[in-house]
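Q: Make a model of this:
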Amino acid sequence: MELKGKRIAVLADNIYQELEVWYPLYRFREAGAEVVVVGAKAGETYTSKFGYPVKADLAYEEAKASEFDGVVIPGGYAPDIIRRYPAACQFVRELDAQGKLVASICHGGWVLCSAGILKGRRATSFFAIKDDVVNAGAIWEDAEVVVDRNLVTSRKPDDLPAFCRASIAVLVGRG
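A: Numbers count the residues shown, from 1 in each chain. As a prediction, this is how the structure comes out:
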């Protein structure tokens, strides 16, 4: 249980990518972490690209970076909705400033762009948002996982095993 005592937020909104929410959620729980789904409204159910539901445990405004060890930002088109909430971007920005895990996969990079944490950092994303990530100041790489200190990024669902391994390594101080 290498993540026992760790608390991880998974951001969610409608049109999320199923695997990019559920794979890390269960993987981190399996490793002993408490995983909390955070959305615009606590108790709200959000549906994936194919209609699979996930319920938010906590609202962005209630999420305090000091109470979490990291955040996972899944892809799909949900990040384009999530980034519109200042409290979500502030949460990500504060976790990053505290040196805690900020893990983003696929289109999750949109939230990183809006949070303003990419300047001068190495990152990857789904190829379709490469220009957004580069314009936000990142040094974009085409790799299954890119780790820059506490920032872990991946491109697509196929990268989830590497993404979760790297995220766990950062959480336990091996990153």
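Q: so where's the protein shaky on pLDDT?
A: 174-175 (pLDDT under 70).
Q: now the helices: where do they sit in it?
A: For the chain, the helices defined by DSSP state H occupy 18-30, 78-82, 86-97, 109-115, 130-135, 160-171.
Q: Is it possible to get these out as CSV so that each row also shows mean neighbour count and distance to T153?
A: Placement of C-beta: from N, CA and C, glycine included. Listed next are these as CSV, based on neighbours: other CB atoms under 10 Å; distance: least, CB to CB, whole Å:
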stretch, mean neighbour count, distance to T153
helix 18-30, 19, 12
helix 78-82, 25, 12
helix 86-97, 19, 12
helix 109-115, 25, 7
helix 130-135, 16, 8
helix 160-171, 20, 8
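Q: Let me have those in TSV, extended by distance to K4.
A: Shown next, in TSV, are these (distance: least, CB to CB, whole Å):
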stretch	distance to K4
helix 18-30	11
helix 78-82	28
helix 86-97	20
helix 109-115	28
helix 130-135	33
helix 160-171	11
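Q: Nearest to Y60, out of those helices?
A: helix 86-97 (3.8 Å; CB to CB).
Q: what's that closest one in contact with?
A: By CB atoms under 8 Å, 6 or more residues apart in numbering, the residues outside helix 86-97 that reach it are 9, 11, 38, 40, 59-61, 63, 65, 68, 70-71, 73, 82-83, 101-102, 111-112, 114-117, 150-151.
Q: Generate a ChimeraX selection restricted to the buried subset of the residues you listed.
A: Selecting only the buried entries of the contacts of helix 86-97 in ChimeraX, with 16 or more other CB atoms under 10 Å as the criterion:
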select :9,11,38,40,59,60,61,63,65,68,70,71,73,82,83,101,102,111,112,114,115,117,150,151
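Q: so of the contacts of helix 86-97, which ones are in strands?
A: Using DSSP state E, the subset of these located in strands is A9, L11, V38, A59, G70, V71, I73, L101, V102, L151.
Q: Quick check: closest non-adjacent residue to I15.
A: Y77 (4.1 Å; CB to CB, 6 or more residues apart in numbering).
Q: ok, that neighbour - how many residues close by?
A: Neighbour count for Y77, taken as other CB atoms under 10 Å: 16.
Q: In this structure it contacts Y46, no?
A: No: counting by CB atoms under 8 Å, Y77 sits too far from Y46 to count as a contact (11.6 Å).
Q: just checking, K156 touches F126?
A: Yes: counting by CB under 8 Å, F126 is a contact partner of K156 at 6.0 Å.
Q: Mind listing the shared neighbours of those two?
A: Contacts common to K156 and F126, judged by CB under 8 Å, 6+ apart, are G75, C106.
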